[in-house]
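Participant: Model the structure of this input:
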Amino acid sequence: MTDRTETSDSGIRLTPEQVQRRRTRSIAIGVSLAALVVLFYVVTMAKMGLNLESAGG
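Facilitator: Predicted structure coming up:
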């Protein structure tokens, strides 16, 4: 396993602060993506519910 302060073989070394910022940014992106998925799911279920009501079921 490689050192967490190094990225692949490019020779670029990240400081611990940069690694922490990258991790925080990655978590924020992941949480945002999950929230978007949940939003799409809720909107889809709401639209399906409206379609069932208008169909008389």
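Participant: pLDDT of stretch 10-28, averaged?
Facilitator: Averaging pLDDT along stretch 10-28 gives 95.
Participant: quick one: buried residues of it?
Facilitator: Within stretch 10-28, the residues that qualify as buried by neighbour count (16 or more other C-beta atoms under 10 Å) are residue 19. (Each C-beta comes from the backbone N, C-alpha and C, glycine too.)
Participant: Show the model's pLDDT score for residue 56.
Facilitator: As summarised for this prediction, residue 56 has a pLDDT of 68.
Participant: ok, now residue 50?
Facilitator: Predicted confidence (pLDDT) for residue 50: 81.
Participant: What about it, how many residues nearby?
Facilitator: Under the neighbour criterion other C-beta atoms under 10 Å, residue 50 is assigned a count of 10.
Participant: Next: residue 54.
Facilitator: Number of residues near residue 54 (other C-beta under 10 Å) recorded here: 8.
Participant: distance of the spatially most central residue of the chain from residue 15?
Facilitator: Computing the C-alpha centroid of the chain and ranking residues by C-alpha atoms, centre = their mean puts residue 30 first, at 2.2 Å. Here the distance between residue 30 and residue 15 works out to 23 Å (C-beta to C-beta, to the nearest Å).
Participant: What of residue 40?
Facilitator: From residue 40 across to residue 15, the span is 37 Å (C-beta to C-beta).
Participant: ok, what's across the strand from residue 12?
Facilitator: Here residue 12 sits in beta bridges with residue 7, as judged by DSSP bridges.
Participant: Tell me how far it lies from residue 18.
Facilitator: When distance is defined by C-beta to C-beta, residue 12 is 10 Å away from residue 18.
Participant: Brilliant, that's me finished.
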